[in-house]
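In: sharing a model prediction with you, sequence too.
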Amino acid sequence: MAKKGMTPARKRKLNHQLSHLESRGLVRVSQLEPEIEYLFRHALVQDAVYETLLKSDRKKLHRRVADTLESLYPDRLDELAGLLAHHLAAAGENARAYGYYLRAADRASSAYAHEETIQHIEAALRLPGLTIPIETRLPLLERIGNAHNSLGHVLQAIATFQLAVGQWDNVGTGNAATTIHWLAKVVSCAANAGWHLSDEPHAEVLTASLPNRDRLIALLDSTEGETPSREIVQGYVALAEDASVRDKPPDVAQAERRARRAVEIAERLDDPLALISSLSVLNNLYGLQGLFRERYEVALRQMALLQSPSLSDPRARLEPLIDAATSAMYIGDFRQTLTYAQEYGRLARQLEEVGKLRVALELQTYALFRLDRWDEVLPSLDETLALGKQYAHERLSLPCFTIAVAAAVHFLRGEADAGASRRDEAYQIMTGRDNNEARWDRVQHM
């Protein structure tokens, strides 16, 4: 890469120098196409060489590398944004580095590379000497929190959203809608943390979120009679989610009142995305009450809303698809369950939502089992287990439900030993999560 634009004499000299370094075992060729590139053979060698440079010389070299990359590759700046940001930050060119870090984050986000998105935005926010206005800083924090949430890092997501609440409070503008938005992010994330945490740590998260919930209730009460907004819908959805999990047993009546309030406001707004979110929490509440036909009707309404031309973000399809798949399963329509689950899985894979992909595979496995397509059940389990090996445990809990279905297939085939092995494996996973069998239900097995 560094050879582009050089005179023939400079190229010959550089080739000689690189060949000498390679023969001494200090560098190696990392790629030949589209252009030859070299790397140090060991990070310790790179560090040792770097430490021999004066700080002022380091800065000059980093700036020179960045300037050269910009001039040589003006059509590849998005691709090289992360590298450019690194060199500019090391050169002390923090304003330029900030812009490139955000370009690198945008590129990572477009590929649903959540960890890279977090790294680039956090690096941008850490740059010294920059004044980043709150109107810019808060959306960046939201992107970090949402990326953590997608990765299943719920504690980091909640901490990020809580940080945003504190920073917004420090500004003291009194904008209730923005405050409602951030409080709802914390409350909703805490309520849904049970998908990734066992009972005891989830209870601790809910307790910690209680002041946010109480403050959110007071703010929503103060908005009665005011112009409806998406933030108000978001607030009532978060409170409905909270009421559905905070107590044992949950206060379903209160949760349903809040969900219906969210639906009512979303309908007045004529906002398909807000309405989908509101209907999703109502869908779940019908499930808790065993009202499966009503739940399926709500799911079909969610699916119909996907036809809205304003819903261009593929993420908007996730909630309706999983709600439709689950609702169809509970009324025994396993062909429809399979169709929705497969579409949900394809979308989750595209969006790098690995936890959601696992749920899709579990629904798909169960539907295949109930449709007597046994030969397809075990490969579906293998795919689920492969995900577990590929990703950290915090992103993907062990699939006891799918393992239990596989055990049933083995028993039905007369493979008693394999069935018993899978059955015991599923049992061990469940007792590891909750040793009180009286509390086990179908939801815990999903």
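Out: Sure thing, it's come through. Residues are numbered from 1 along each chain as shown.
In: work out which residue lies at the spatial centre of the chain.
Out: S150 (1.0 Å; CA atoms, centre = their mean).
In: show me what contacts it?
Out: Contact analysis of S150 by CB atoms under 8 Å, 6 or more residues apart in numbering lists 112, 114, 351-353. To be clear about C-beta, it is placed using only N, CA and C from the backbone, and glycine gets the same treatment.
In: could I get those as a markdown table with secondary structure and pLDDT?
Out: Formatted as a markdown table, the contacts of S150 follow (DSSP: H, G, I helix; E, B strand; the rest coil; pLDDT from 0 to 100):
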| residue | secondary structure | pLDDT |
| --- | --- | --- |
| Y112 | coil | 82 |
| H114 | helix | 91 |
| L351 | coil | 86 |
| E352 | coil | 80 |
| E353 | coil | 82 |
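In: where's the residue nearest to the centre of the chain, which helix or strand?
Out: helix 134-151 (DSSP states H and E).
In: related to what we said a few turns ago, using PyMOL, define a selection of the buried residues within the contacts of S150.
Out: PyMOL command restricting the contacts of S150 to the buried ones, with burial defined by 16 or more other CB atoms under 10 Å:
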select buried, resi 112+114+351+353
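In: out of the contacts of S150, which is nearest to R258?
Out: Of all the contacts of S150, R258 sits closest to E353, with 26.3 Å by CB to CB.
In: how near is the residue lying closest to the closest one once chain neighbours are set aside to A105?
Out: Closest residue to E353 apart from its sequence neighbours, by CB to CB, 6 or more residues apart in numbering: S150 at 5.8 Å. S150 sits 14 Å away from A105, taking CB to CB, to the nearest Å as the criterion.
In: what segments of this structure are strands?
Out: Under the criterion DSSP state E, strands of the chain are mapped to 27-31, 37-40.
In: among those strands, which comes closest to L291?
Out: Comparison of the strands of the chain against L291 by CB to CB identifies strand 27-31 as nearest, at 59.1 Å.
In: so what strands line up beside that closest one?
Out: Strand pairing for strand 27-31, determined by DSSP bridges: strand 37-40 (antiparallel).
In: what does the partner strand rub up against?
Out: 1, 18, 21-22, 26-31, 46, 49.
In: widest-spaced pair of those residues?
Out: Every pair of the contacts of strand 37-40 checked by CB to CB; the farthest is Q31 and V49, at 21.0 Å.
In: quick one, domains of this protein?
Out: Domain ranges of the chain: 1-42, 305-446, per automatic domain parsing.
In: what's the nearest residue to A90 if we skip its chain neighbours?
Out: In space, and not counting its chain neighbours, A90 is closest to H62: 4.1 Å by CB to CB, 6+ apart.
In: just put the strands of the chain in TSV and tack on distance to L210, mean neighbour count and mean pLDDT.
Out: Listed next are these as TSV, based on distance: least, CB to CB, whole Å; neighbours: other CB atoms under 10 Å; pLDDT from 0 to 100:
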stretch	distance to L210	mean neighbour count	mean pLDDT
strand 27-31	53	13	76
strand 37-40	51	15	73
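In: now do the contacts for the residue nearest to E343 when sequence neighbours are not counted.
Out: Once flanking residues are discounted, E343 sits nearest to L321: 5.8 Å by CB to CB, 6+ apart. Listed by CB under 8 Å, 6+ apart, the contact partners of L321 are 303, 340, 343-344, 347.
In: and which of the contacts of S150 is nearest H42?
Out: Nearest member of the contacts of S150 to H42, counting by CB to CB, is H114, at 30.1 Å.
In: quick check: M303 touching P320?
Out: Yes - here M303 reaches P320: they are 5.1 Å apart, a contact under CB atoms under 8 Å.
In: which one's more surrounded, those two?
Out: P320 (25 against 17; other CB atoms under 10 Å).
In: please name the residues that touch that one.
Out: Contacts of P320 by CB under 8 Å, 6+ apart are 276, 280, 299, 302-303, 305-306.
In: top of the residues you listed by neighbour count?
Out: In those, the most neighbours by other CB under 10 Å go to A299, 27 neighbours.
In: so how far is A367 from that one?
Out: Using CB to CB, we find A299 at a distance of 15 Å from A367.
In: for Q390, same thing?
Out: The spacing between Q390 and A367, counted by CB to CB, is 23 Å.
In: which one of these two has more residues nearby?
Out: A367 (26 against 10).
In: hang on, isn't that one packed against D333?
Out: No - using CB under 8 Å, A367 is not in contact with D333, being 9.3 Å away.
In: gap between the two ends of stretch 383-401?
Out: 14 Å (CA to CA, to the nearest Å).
In: quick one: low-confidence ranges for the stretch 1-150 of the chain?
Out: The stretch 1-150 of the chain contains residues with pLDDT under 70 at 1-6, 34, 45, 47, 50, 53-54.
In: list of residues touching stretch 270-278?
Out: Contacts for stretch 270-278 (CB under 8 Å, 6+ apart): 230, 233-234, 236-237, 259, 262-263, 265-267, 302, 305-306, 308, 310-311, 316, 319-320.
In: return the set of buried residues in it.
Out: Neighbour-count burial for stretch 270-278 [16+ other CB under 10 Å]: 271-278.
In: turn the residues you listed into JSON lines, including distance to G172 and pLDDT.
Out: Converted to JSON lines, the buried residues of stretch 270-278 look like this (distance: CB to CB, whole Å; pLDDT from 0 to 100):
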{"residue": "D271", "distance to G172": "29", "pLDDT": "92"}
{"residue": "P272", "distance to G172": "34", "pLDDT": "94"}
{"residue": "L273", "distance to G172": "30", "pLDDT": "93"}
{"residue": "A274", "distance to G172": "28", "pLDDT": "95"}
{"residue": "L275", "distance to G172": "33", "pLDDT": "96"}
{"residue": "I276", "distance to G172": "34", "pLDDT": "96"}
{"residue": "S277", "distance to G172": "29", "pLDDT": "95"}
{"residue": "S278", "distance to G172": "31", "pLDDT": "96"}
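In: the closest residue to E383 other than its chain neighbours and P399: what is the separation?
Out: Taking CB to CB, 6+ apart, and ignoring the residues beside it in sequence, E383 has L361 as its nearest neighbour in space, at 5.9 Å. As judged by CB to CB, L361 and P399 stand 8 Å apart.
In: what is in contact with these two at once?
Out: Common contact partners of L361 and P399 (CB under 8 Å, 6+ apart): T384.
In: so how far is stretch 120-138 off the chain centroid?
Out: 21 Å (CA atoms, centre = their mean, to the nearest Å).
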